[in-house]
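>>> Quick check, what structure comes out for this input:
(one chain, ligands or ions: 1)
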Amino acid sequence: MNEQNMLEVRNLTKHFKVGSKQIVHAVDGVSFTLKKGKTLGLVGESGCGKSTCARTIIRMYAPTSGQILLNGEDITELKQKQLKPYRKNMQMIFQDPYASLNARMTVRDIIAEPLIAHGVVRKKEDANELIYPMLERVGLTKEHSGRYAHEFSGGQRQRVGIARALILQPDLVICDEPISALDVSIQAQVVNLLKDFQEEKGVSYLFIAHDLSMVRYVSDDVGVMYLGQLVEVSESNEIYKNPLHPYTKGLLGSIPIANPKLARMKEKSGMEGDIPSPIDPPSGCRFHTRCPYAKDICSQQVPQLKDAGNGHMTACHLYG
Ligand code: SF4
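Alright, predicted model coming up:
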């Protein structure tokens, strides 16, 4: 393990049993590295497994197999009690700040809860000297601390969610579609807030989103997931300028593009249909049922994630 790595995920798999025989292949053999102080964007359509991957990393779900190394330490097999000190160091920001914040608690209590749970303070009153500066830091005020979540706008609620996640000064924050539910005008404010924290504290983010345009601005590297597997990983600008995997091209085709070269790519990508069921994923390359470039080999052999040049990784038979 390189000491510059905050998170290393090796061959991570998460399957869920449905009924007596069926298995949902939610995450299947995902590997990636997130460097300290950097952001890795994880993108893909709904149902591609990115949120399950995040929740397995943070050990909300027990992995089926594979390895999770946090700051060089293997946390894959740790029991809930053993995980407690690591949980302090890895926090999560959720998509829907309204659902994730307890409606019966004041903002002060919501932010104090992790401080008490992890023994940073003993009593709620002692937490105020940490909570008030944090509220100011996320653009709220001391006066907001006595209010309830329903009294806030969506953007303000997400600021409370960020304050709660960052109050313990974690090294790793998993941001699960943190801006998808917000108005476009608020999205940039929340993203800038996260970036400012990163510059100040060196926190690492795993940033999950369903479209590439959203992660381009925040991410140093981007991983694209399809039906439980990583199909492309690269430096952020590179993946946007030179997408290799047909699925990534299809995703780029699903957002409005001003660039004529990318607009032509959009026309060619030809991605059709919905994502197949993860209960019985297609053989070989899982994308072959929707891929306009599919050949015979694609339904027979699983393409491995390989370096197509300059560290730009893709899993596609078109690239050897
Ligand atoms: Fe398309 Fe084949 Fe590449 Fe899969 S391996 S993305 S089906 S060309």
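
>>> Quick check: phi and psi at the residue nearest the centre of the chain.
For the chain, the residue lying nearest the average C-alpha position, counting by Cα atoms, centre = their mean, turns out to be Ile208 (2.9 Å). For Ile208, the backbone dihedrals are phi -100, psi 130 (criterion: degrees, to the nearest 10).

>>> Is it correct that it is in contact with Asp176?
Yes - with contact defined as Cβ atoms under 8 Å, Ile208 reaches Asp176; the gap is 5.0 Å. To be clear about C-beta, it is placed using only N, CA and C from the backbone, and glycine gets the same treatment.

>>> Need the residues touching each of those two.
51, 54 (Cβ atoms under 8 Å, 6 or more residues apart in numbering).

>>> all helices for the stretch 51-200 of the chain, in order.
For the stretch 51-200 of the chain, the helices identified by DSSP state H, counting those that start in this stretch occupy 80-89, 97-100, 107-117, 124-137, 154-166, 184-201, in order along the chain.

>>> out of the ones you listed, nearest to the ligand?
With respect to the ligand, and counting by Cβ to the nearest ligand atom, the nearest of those is helix 184-201 at 30.4 Å.

>>> A helix includes Val24, no?
No - counting by DSSP: H, G, I helix; E, B strand; the rest coil, Val24 falls outside a helix, being strand.

>>> and Thr33, that's in a strand?
Yes - counting by three-state DSSP, Thr33 is found in a strand.

>>> let's number from 816 now, not from 1
Sounds good: first residue 816 from here, last item Thr848.

>>> and it, bridged to which residues?
Here Thr848 sits in beta bridges with Glu823, as judged by DSSP bridges.

>>> Give me the neighbour count for it.
Residues contacting Thr848 under the criterion other Cβ atoms under 10 Å number 18.

>>> so of the helices of the stretch 866-1015 of the chain, which one's packed in deepest?
Greatest average neighbour count among these goes to helix 969-981 (a mean of 23), per mean count of other Cβ atoms under 10 Å.

>>> Run the chain-centre distance for it.
The chain centroid and the centroid of helix 969-981 are separated by 17 Å under Cα atoms, centre = their mean, to the nearest Å.

>>> I figured Tyr828 hits Ile838, correct?
Careful, residue 828 is Thr and not Tyr. No - counting by Cβ under 8 Å, Thr828 does not reach Ile838; the two are 10.8 Å apart.
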